[in-house]
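Visitor: my questions are about this predicted structure, shown below with the sequence.
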Amino acid sequence: MIAAALAVLLAAAPRAAAAPAPSEALERARAAHEAGRDEEAAKIVTAEAEKGSAQAQYWLGIACERGAGVPRDEKKAVEWYLKAAVQGSYAAAQRLGYLYYVGRGVAQSYPESFRWLTQAVADPDGADPHLSVAWSNLGNLYFRGLGTAKDPAKARECYRKAAEMGNPYAQNNLAYLYEHGLGGSRDAAAAVSWYRKAADQGLHAAEGNVGVMYDEGAAPKRDAPEAAKWFRRAAEGGNPRAQFWLGRSYERGRGVAADLVEACKWYQLAAAGGDARAAESLARLKTALTPDQLAEAARRAAAAGAAK
């Protein structure tokens with residue numbers, strides 16, 4: 001259930017103060033970009049980056065990563081991010097940490113990801129809107145023991161920082177730690193609260209998790225109709241785990257009217273998404289339904305798949 005988000009302090013790296021205001025040249029580059037003149041903007045930024053401006057080096061890394069005004073080249077992006085990061089750019093360190101985390105433009109390396117993400121979150125200003133991504137991915141590394149020693153307590157701290165910044169993946173992961181008592185005490189109420197925050201932002205995995213909490217009674221109270229409501233939201237969003245739970249709700253008549261054809265439909269979708277329990281349930285239902293019912297379930301599944 002721990003989400004993959006995405007998505008270390010250099011011994012000699014100086015601590016940078018809050019990011020300076022863009023120079024006059026970079027302001028001209030910003031204006032050109034906003035006017036749709038990306039090639040002009042890239043020329044200005046490149047000139048400033050080659051003069052050693054860390055801010056321009058970071059911006060040029062973004063341009064190379066996205067192919068904005070320059071050929072898309074993630075390896076070049078990494079080179080420019082590195083130049084900026086060793087000058088103390090926290091934003092560049094965040095991008096390096098993410099790219100090492102997923103292995104884009106550079107060979108995947110969790111130790112390097114940990115190194116740069118740790119530099120990124122050392123930002124004393126903390127104003128970068130992408131800082132929550134750094135905290136969330138750092139939490140993933142601590143939780144899984146990738147690039148550093150496994151430490152669920154530190155993972156919880158990182159997820160909380162990102163969650164409080166509004167990161168839905170971190171909110172979902174923090175809720176999971178509260179639900180299962182990992183890295184600290186178990187707290188079902190806190191788990192439901194954080195799952196709800198992530199679900200309210202449209203994270204389908206979190207919507208399904210809210211449903212499970214209501215279905216199993218870990219929420220303030222067991223509420224099968226409320227559980228089915230959340231399962232439906234996540235299932236219609238394409239979450240295989242929630243599709244299984246919604247299928248089970250229809251099979252058992254929990255929170256919805258029992259309907260084996262509708263159950264079969266959701267099991268089919270969940271199984272196609274890789275849910276092993278759904279595949280087992282689907283095999284069981286196929287022995288109980290008529291050929292016409294199976295055909296109807298397949299038709300509904302196809303229609304639901306096409307509607308996504």
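Guide: Looks like it arrived, so ask away. Numbering: from 1, shown residues only.

Visitor: and the one helix or strand residue 303 maps to, what other elements does it pack with?
Guide: Residue 303 belongs to helix 291-307 when elements are defined using DSSP states H and E. In this structure, helix 291-307 makes packing contacts with helix 260-272, judged by 3 or more Cβ pairs under 8 Å, 6 or more residues apart in numbering; DSSP states H and E. Placement of C-beta: from N, CA and C, glycine included.

Visitor: quick check: buried residues in the helix it packs on?
Guide: Taking 16 or more other Cβ atoms under 10 Å as the neighbour-count basis, helix 260-272 is seen to contain the buried residues 260, 261, 262, 263, 264, 265, 266, 267, 268, 269, 270, 271.

Visitor: let me see the contact set for the first one.
Guide: For residue 260, the contacting residues are 250, 251, 285, 288, 289, 293, by Cβ atoms under 8 Å, 6 or more residues apart in numbering.

Visitor: now with 7 Å, please.
Guide: In this structure, residue 260 makes contact with 251, 285, 288, 289, judged by Cβ atoms under 7 Å, 6 or more residues apart in numbering.

Visitor: and the last one, by the same measure?
Guide: For residue 271, the contact set (Cβ under 7 Å, 6+ apart) comprises 278, 279, 282.

Visitor: which residue is the nearest non-sequential neighbour of the last one?
Guide: When you say that, I think you mean residue 282. Residue nearest to residue 282 in three dimensions, not counting chain neighbours: residue 267, with 4.1 Å by Cβ to Cβ, 6 or more residues apart in numbering.

Visitor: that neighbour is in contact with residue 247, isn't it?
Guide: Yes: under the criterion of Cβ atoms under 7 Å, residue 267 lies in contact with residue 247, with a separation of 4.2 Å.

Visitor: overlap of the contact sets of these two?
Guide: With contacts taken as Cβ under 7 Å, 6+ apart, the residues that reach both residue 267 and residue 247 are 278, 281.

Visitor: tell me where this protein has strands.
Guide: In the chain, no segments count as strands under DSSP state E.

Visitor: where does the prediction get shaky in it?
Guide: Filtered on pLDDT under 70, the chain yields the residue ranges 1-21, 126-129, 306-308.

Visitor: thinking again about what came up before, filter the contacts of residue 260 to the buried ones?
Guide: A residue is treated as buried here by neighbour count (16+ other Cβ under 10 Å); on that basis the buried members of the contacts of residue 260 are 251, 285, 289.

Visitor: isn't the last one up against residue 263?
Guide: No: taking contacts as Cβ under 7 Å, residue 289 lies outside contact range of residue 263: 9.5 Å.

Visitor: ok, now how distant is residue 191 from residue 222?
Guide: Between residue 191 and residue 222 the computed distance is 15 Å (Cβ to Cβ, to the nearest Å).

Visitor: so for these two, which residue has more residues nearby?
Guide: Shown here are residue 191 and residue 222; by other Cβ atoms under 10 Å, residue 191 has more neighbours (23 against 13).

Visitor: does the more buried one touch residue 175 like I think?
Guide: Yes: distance between residue 191 and residue 175: 4.5 Å, which falls inside the contact criterion (Cβ under 7 Å).

Visitor: which residues does residue 275 contact?
Guide: Applying Cβ under 7 Å, 6+ apart to residue 275 gives the contacts 240, 241, 243, 244.

Visitor: same thing with residue 53?
Guide: By Cβ under 7 Å, 6+ apart, the neighbours of residue 53 are residue 23.

Visitor: what's the nearest residue to residue 49 if we skip its chain neighbours?
Guide: For residue 49, ignoring the flanking residues on the chain, the nearest one in space by Cβ to Cβ, 6+ apart is residue 56 at 4.1 Å.
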